[in-house]
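Requesting a structural model of the entry that follows:
(chains A and B)
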There are 2 protein chains.
Amino acid sequence: MQQLGQNARAAATEMSRAESSVKNQALVAIANAIDNAAETLKLENQKDLQAGKDNGLDAAMLDRLELNDERISGMSEGLRQIAALQDPVGEITDMAYRPSGIQIGKMRVPLGVIGIIYESRPNVTADAAGLCLKSGNATILRGGSEAINSNKAVAKCIQQGLTETGLPADAVQVVETTDRAAVGELITSSETVDVIIPRGGKSLIERISKEATVPVIKHLDGICHVYIDAHADLRKASDIAFNSKTHRYGVCNAMETLLVHESIAAACLPELAKRYSEKGVELRGCELTAKIIDCEKVTEEDWDTEYLAAILSIKVVSDIDQAMVHINKHGSHHTDTIVSEDYTLARRFLREVDSSSVMVNASTRFADGFEYGLGAEIGISTDKLHARGPVGLEGLTSLKYIVLGDGQIRE
Amino acid sequence: MQQLGQNARAAATEMSRAESSVKNQALVAIANAIDNAAETLKLENQKDLQAGKDNGLDAAMLDRLELNDERISGMSEGLRQIAALQDPVGEITDMAYRPSGIQIGKMRVPLGVIGIIYESRPNVTADAAGLCLKSGNATILRGGSEAINSNKAVAKCIQQGLTETGLPADAVQVVETTDRAAVGELITSSETVDVIIPRGGKSLIERISKEATVPVIKHLDGICHVYIDAHADLRKASDIAFNSKTHRYGVCNAMETLLVHESIAAACLPELAKRYSEKGVELRGCELTAKIIDCEKVTEEDWDTEYLAAILSIKVVSDIDQAMVHINKHGSHHTDTIVSEDYTLARRFLREVDSSSVMVNASTRFADGFEYGLGAEIGISTDKLHARGPVGLEGLTSLKYIVLGDGQIRE
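Okay, the predicted model is just below:
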């Protein structure tokens, strides 16, 4: 691991100076290598799938592990899309003269060496490598042991693309040992690693956050809310609440709790309950909710649960303050929406809800790098420091100060 | 500590909503309270100074510990200056429509609860509290046990100012126990503390970085370089190299190592050596340097040493590449300057030197929140994540996404 780190540090220096055109060529070369290696990738993936079955992995795990034609072309297509994005590195902003005569501004620079720790899905290998490469960073990828053959095969394509374009092969390294101690070493290598991005289940991320001494950009969970205000447009409220829950269940930006103002609850809940029940969504409501619609009884635990399933908890609240207290207390600071036509309340909600995405009259499902125009995302951060919300290329960079003078000294 | 954290969390919510005018009134009220309490502050400070003497603190420690009239008015003046700065909270940038019809941008918000851990200097209590207050954060201050009476007295003034203006008293809390375990608890309270900023000696900062599970914004050390290029203007080179070393010795942005291109060394070093020797600066040079000027022999250790004293190491290099390799290897990624009239080399230096401040033809001493126009600084970060270089009000805030829609849902 130490050698890996040192290789990465050396490669990072070269990567930080690489021209956009060369990085883009490398991305396309990797994409081509992946397309050409499709059969090999599937063969290697079969080994992992077989081992997974033998080891009793569940169906969901096996599904995430699988590399089929669609996912392979998804990887190469993703890399070509990243090649088409604007390079954030070197951008200079806020240049201004100071009274001393120096001119000062900020230049966007790569973070350096990024360690990615992830589970099962081998396509993360290509996605994460592509984003880090484009943003001028070196990457150390540590996938799950269950995907080791697939990851090695993808890594080979990446190495090929890098070498073909003259970029250092160490710019993307895949940890080939499945020894768990390697993770512990990676997340404490402050000298050679600048940031760790864990991608996977909550337990993985919690463990890494707890043990890492290298800074971590993490996404812990998504307990998102829709608050239907007294002054909501009923049509918008119904559509947003329905879409936020049912568009996809297993995603972090799906709504888990619906909050409804007491004065509008009777007008909007029955129609919504009908739509949910047609879709097979289980409803768990507070006492006031239960007076209006058929539902299970909600427990205190429900408010703190990320279902990632066709279950919704519902609470009737007396006003926006109660709604915001509930969101800030039980939410995961991910994404929360108010549905309201009231200008002042919308402004309050935007300012006072402490989440990475705060919305007015839009589905929580929009919290996504593609929808936000970032082009691609390496994850959605629920941290406050550095990167908050969807993390794209810019989140993989930092800003340094640059100062231009004509011989100025401090008096 | 847990109670302190919970109080801070509750206060942070209130603080994030506080209007600029109220925060400014509080800052001025605290400044007035400090001015009015000058005699009490000096009396309480005397207790600390006496205890310090009894405990054998050295003269430098005792000097940092002292609160005299000048330092007391410095505290209140600093708070009034912070009141006059623009409030960064609530600023909205990059609002743009997306193809889906949603409008997306970023809003600047406070970080939440900031823990400051510092040593000796009781005036940090007022400075840090002021910056955190203005940026809408709640603060937990943990000063050194040697300054406990002074810190409590300053805290009393802060409480008075907060209460007078109707802000929560818990917005600034001073840890009153001198129990060292309190620090350990503070830096691992991820639930209630959002960021830790340690201020003090290297050993304190290293210990905290190592043990903290809460994110840390830190300034470790300042091994700054001036590189005099072959194409330097000799007058500028001499002035910048002299000023960077001798303007103040004990500061992080002072130059510790001078790098000189071999083709210009004979032309510039003798005159510089004369200026340094008149000022009493000890010179430690490499072999090539020793052929040109009188100097001590430099050791490998010197290149990695932050002298904070009238000592300078000098290395003659063959070109800009050797200079940059030396800086990126031995520097502390703080502040480095090239002196050159060569356009292309200046551009390369700006891009390729991996430091929080990279300069052309200006003294390293300019790396400072006031000189950069931040108004005030809570420290200079040598980290890459979140805040790099001088950290002012903006560094104490984060950005959240805001989304404005008209009922949009994901298809």
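
quick one: strands adjacent to the lengthiest strand in chain A?
Longest strand of chain A, by residue count under DSSP state E: strand A:397-408. In the sheet, strand A:397-408 lines up against strand A:103-110 (antiparallel), strand B:357-362 (parallel) (DSSP bridges).

and those, which is most packed in?
Among these, strand B:357-362 has the highest mean neighbour count (mean count of other C-beta atoms under 10 Å in any protein chain shown), at a mean of 27. Heads up, the C-betas are built off the backbone N, CA and C, glycines and all.

Distance from whichever helix or strand comes after that one to the middle of the chain?
Going down the chain from strand B:357-362, the next helix or strand is strand B:379-381, by DSSP states H and E. Relative to its parent chain, strand B:379-381 has a centroid offset of 3 Å by C-alpha atoms, centre = their mean, to the nearest Å.

Can you give me the distance of residue A:301 to residue A:227?
Here the criterion is C-beta to C-beta, to the nearest Å. By it, residue A:301 lies 21 Å from residue A:227.

who's more crowded, the two?
Neighbours around residue A:301 and residue A:227, counted as other C-beta atoms under 10 Å in any protein chain shown, are more numerous at residue A:227. The numbers are 28 against 8.

Helices of the stretch 101-250 of chain A, start to end?
Using DSSP state H, counting those that start in this stretch, the helices of the stretch 101-250 of chain A run over A:123-134, A:148-164, A:181-186, A:202-211, A:234-246.

so how far does stretch A:326-340 reach from one end to the other?
18 Å (C-alpha to C-alpha, to the nearest Å).

Give the buried residues for that stretch.
Residues A:326-328, A:330-340 are the ones in stretch A:326-340 that count as buried (16 or more other C-beta atoms under 10 Å in any protein chain shown).

Stretch A:74-93 now?
By neighbour count on 16+ other C-beta under 10 Å, the buried set for stretch A:74-93 is A:74, A:75, A:76, A:78, A:79, A:82, A:83, A:85, A:87, A:88, A:89, A:90.

same check, this time on stretch A:395-409
Under the neighbour-count criterion of 16+ other C-beta under 10 Å, stretch A:395-409 has A:395-405, A:407-409 buried.

Kindly report the same for stretch A:277-287.
Neighbour-count burial for stretch A:277-287 [16+ other C-beta under 10 Å]: A:281, A:283, A:284, A:285, A:286.

Could you find the closest non-adjacent residue to the last one?
What it means is residue A:286. Nearest residue to residue A:286, sequence neighbours excluded (C-beta to C-beta, 6 or more residues apart in numbering or on different chains): residue A:315, at 4.6 Å.

Just confirm that neighbour is within a strand.
Yes - counting by DSSP: H, G, I helix; E, B strand; the rest coil, residue A:315 is located in a strand.

Quick check: it touching residue A:260?
Yes - using C-beta atoms under 8 Å, residue A:315 makes contact with residue A:260 at a distance of 7.4 Å.

dump the residue contacts of the residue in the stretch 251-400 of chain A positioned nearest to chain B.
Here the residue of the stretch 251-400 of chain A nearest chain B is residue A:362; by C-beta to the nearest C-beta that distance is 3.0 Å. Going by C-beta atoms under 8 Å, 6 or more residues apart in numbering or on different chains, residue A:362 touches A:240, A:337, B:102, B:403, B:404, B:405, B:407, B:408, B:409.

Spell out which parts of the stretch 51-200 of chain A neighbour chain B.
Residues of the stretch 51-200 of chain A found near chain B (C-beta under 8 Å from any C-beta of the partner chain) are A:90, A:96, A:98, A:100, A:102, A:104, A:107, A:109, A:111-112, A:190, A:194-195.

Farthest-apart pair in those, please.
A:100 and A:190 (35.0 Å; C-beta to C-beta).

which of these two has more neighbours?
Taking neighbours as other C-beta under 10 Å, residue A:100 and residue A:190 compare with residue A:100 leading, 18 against 14.

Surely the more buried one touches residue B:371?
Yes - assessed by C-beta under 8 Å, residue A:100 is found in contact with residue B:371 at 6.3 Å.

Common neighbours of the two, please.
residue A:410.

Mind jotting down where the strands sit in the stretch 251-400 of chain A?
Assigned by DSSP state E, counting those that start in this stretch, the stretch 251-400 of chain A shows strands spanning A:255-261, A:282-285, A:296-297, A:311-317, A:335-339, A:357-362, A:379-381, A:389-391, A:397-408.

of those, which approaches residue B:172 most closely?
Minimum separation from residue B:172 across the strands of the stretch 251-400 of chain A (C-beta to C-beta) falls at strand A:357-362, 26.9 Å.

ok, back up a step: which one of the buried residues of stretch A:395-409 is nearest to residue B:5?
Of the buried residues of stretch A:395-409, the one sitting nearest to residue B:5 (C-beta to C-beta) turns out to be residue A:395, at 28.1 Å.

That closest one reaches residue A:385, doesn't it?
No - contact criterion C-beta under 8 Å: residue A:395 and residue A:385 do not qualify, at 11.4 Å.

neighbours around residue A:233, how many?
The number of residues near residue A:233, taken as other C-beta under 10 Å, comes to 17.

Wait, it touches residue A:341, no?
Yes - taking C-beta under 8 Å as the definition, residue A:233 is a contact partner of residue A:341 at 5.7 Å.

now the stretch 1-150 of chain A, which segments are flagged as low pLDDT?
Within the stretch 1-150 of chain A, not a single segment meets pLDDT under 70.

Kindly check the end-to-end length of stretch A:289-309 for me.
Start and end residues of stretch A:289-309 are separated by 20 Å (C-alpha to C-alpha).

Then stretch A:345-362?
End-to-end distance of stretch A:345-362 (C-alpha to C-alpha): 15 Å.

how far is stretch A:141-149 from where the chain is centred?
Offset of stretch A:141-149 from its chain centre (C-alpha atoms, centre = their mean): 19 Å.

burial of the residue nearest to residue A:148 when sequence neighbours are not counted, as a residue count?
Leaving out its chain neighbours, the residue that sits closest to residue A:148 by C-beta to C-beta, 6+ apart is residue A:178, at 5.5 Å. Other residues lying near residue A:178 total 13 when counted by other C-beta under 10 Å.

Relative to residue B:12, how far out is residue A:178?
43 Å.

ditto for residue A:54
Counting by C-beta to C-beta, the gap from residue A:54 to residue B:12 is 51 Å.

of the two, who's got more company?
residue B:12 (26 against 8).

Can you tell me the element the more buried one falls in?
helix B:2-17.

Tell me the first helix or strand C-terminal of that helix.
Using DSSP H and E, the helix or strand that follows helix B:2-17 towards the C-terminus is helix B:20-36.

Outside of that next one itself, list whatever touches it.
Here helix B:20-36 makes contact (C-beta under 8 Å, 6+ apart) with B:15, B:41, B:72-73, B:75-77, B:79-80, B:82-84, B:87, B:89, B:126, B:129-130, B:133-134, B:136, B:154, B:156-158, B:160-162, B:164-167.

Mind listing what's buried along it?
Buried residues in helix B:20-36, counted by 16+ other C-beta under 10 Å: B:20, B:23-35.

quick one: contacts for the residue lying closest to residue A:336 once chain neighbours are set aside?
Leaving aside its chain neighbours, residue A:336 sits nearest to residue A:225 (4.5 Å; criterion: C-beta to C-beta, 6+ apart). Applying C-beta under 8 Å, 6+ apart to residue A:225 gives the contacts A:255, A:256, A:257, A:258, A:259, A:323, A:326, A:327, A:331, A:336, A:337, A:364.

Residue A:411: how many residues sit nearby?
Counted by other C-beta under 10 Å, the residues lying close to residue A:411 total 8.

Repeat that for residue A:215.
21.
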